[in-house]
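Engineer: Quick one: sequence plus predicted model below, questions after.
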2 protein chains.
Amino acid sequence: MRKKGEMKPIDVKLIGTVESPLIDLESAPRQADEDAPEAWLVFEPEILEGLRSIRPGDRVIVLTWLDRARRDVLSVHPRGDTSRALEGVFSTRSPHRPNPIGLHEVEITAVDGRRFRVKHLEVLDGTPIIDVKPILSANVSER
Amino acid sequence: MRKKGEMKPIDVKLIGTVESPLIDLESAPRQADEDAPEAWLVFEPEILEGLRSIRPGDRVIVLTWLDRARRDVLSVHPRGDTSRALEGVFSTRSPHRPNPIGLHEVEITAVDGRRFRVKHLEVLDGTPIIDVKPILSANVSER
């Protein structure tokens, strides 16, 4: 195993940005199934080649960097409900965690150049996009 | 939408490291269902509080930073098979992509202090861990 001291810093590149009607944390739903509005993924021109196989109707996983989350939180009340016991953040979907990476399963509903419209994305306007992956069940080894 | 110029750099913190018998890319299986050996997640002491709700038997999603992948690749032959047409990396699970984030569904089989043994993790020894999340189906809104 390599020593930590040998590690290069982990620098993530923005590959796109979310355009969403959600502009503050109070209006953002806590889970994607709670009335998330349509949003657009607006990708950087230099990575478009990597998206060339994605079509309207596809379901994909979008990874975001939840840049307005707190990174110093290790325990939370589930769903913000203080009547519930504190839980470790790694057992929750809380955006507040050491690396506030959002994982979102969305459906692409339209493609317009570098703009991809999606259903079921619950992040704030301006949130950086850092990766897109196919949905892959454990038993499907293609792609 | 905020302008790109206003963005802070995205700096990801290592929260742990994978210990695995896989030491080179040639021996690493391409998908988790292809004979991935057992591995250990070794977490940094300062984030352990965030893991306190995780028990042996739990299935979780582990996010890694695939630090030996290439970041300048936007198209690949699926599963490295050059007889197949090139595909955009964002439609594939290729580790080679602008941000080489690995997404792994694993089962925790043992917990020993800050060491968590897992089944079905196919990454190289020394790979940084950047997040852990619960497996959450779209229709379950708890946690």
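Structural biologist: Structure's in. What do you need?
Engineer: Check the separation of the first and last residues in stretch A:66-81.
Structural biologist: Using C-alpha to C-alpha, to the nearest Å, one end of stretch A:66-81 lies 21 Å from the other.
Engineer: Pull out the buried positions in it.
Structural biologist: Residues A:66-67, A:69, A:73-76, A:78 are the ones in stretch A:66-81 that count as buried (16 or more other C-beta atoms under 10 Å in any protein chain shown). C-beta coordinates here come from the backbone N, C-alpha and C atoms, glycine included.
Engineer: Relative to chain B, which of these is nearest.
Structural biologist: Taking C-beta to the nearest C-beta as the measure, residue A:74 is the one of the buried residues of stretch A:66-81 closest to chain B, at 4.0 Å.
Engineer: Can you tell me how far that closest one is from residue A:118?
Structural biologist: Here the criterion is C-beta to C-beta, to the nearest Å. By it, residue A:74 lies 31 Å from residue A:118.
Engineer: try residue A:25
Structural biologist: Counting by C-beta to C-beta - residue A:25 and residue A:118 are separated by 20 Å.
Engineer: the more surrounded of the two?
Structural biologist: Between residue A:25 and residue A:118, counted using other C-beta atoms under 10 Å in any protein chain shown, the more crowded position is residue A:118 (22 against 11).
Engineer: now, the most widely separated pair of the buried residues of stretch A:66-81?
Structural biologist: Spanning the widest gap among the buried residues of stretch A:66-81 are A:67 and A:78, at 23.0 Å by C-beta to C-beta.
Engineer: partner residues bridging the residue nearest to residue A:131 when sequence neighbours are not counted?
Structural biologist: Taking C-beta to C-beta, 6 or more residues apart in numbering or on different chains as the measure, residue A:131 lies nearest to residue A:63, with 4.0 Å between them; neighbours along the chain are not counted. Beta-bridge partners of residue A:63, counted by DSSP bridges, are residue A:103, residue A:131.
Engineer: correct me, but residue A:63 touches residue A:105?
Structural biologist: No - checked against C-beta atoms under 8 Å, the pair residue A:63 and residue A:105 is beyond contact range at 10.9 Å.
Engineer: Looking at these two now, which is surrounded by more residues?
Structural biologist: The residue with more neighbours, out of residue A:63 and residue A:105 and counting by other C-beta under 10 Å, is residue A:63; that gives 21 against 17.
Engineer: for chain A, what spans make up the strands?
Structural biologist: Ranges of strands within chain A are A:10-12, A:16-19, A:39-43, A:59-65, A:75-76, A:87-88, A:101-112, A:115-119, A:128-134, based on DSSP state E.
Engineer: Tabulate those strands in a markdown table, adding columns for distance to residue B:96.
Structural biologist: Conversion of the strands of chain A to a markdown table gives the following (distance: least, C-beta to C-beta, whole Å):
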| stretch | distance to residue B:96 |
| --- | --- |
| strand A:10-12 | 16 |
| strand A:16-19 | 19 |
| strand A:39-43 | 18 |
| strand A:59-65 | 16 |
| strand A:75-76 | 35 |
| strand A:87-88 | 32 |
| strand A:101-112 | 19 |
| strand A:115-119 | 22 |
| strand A:128-134 | 12 |
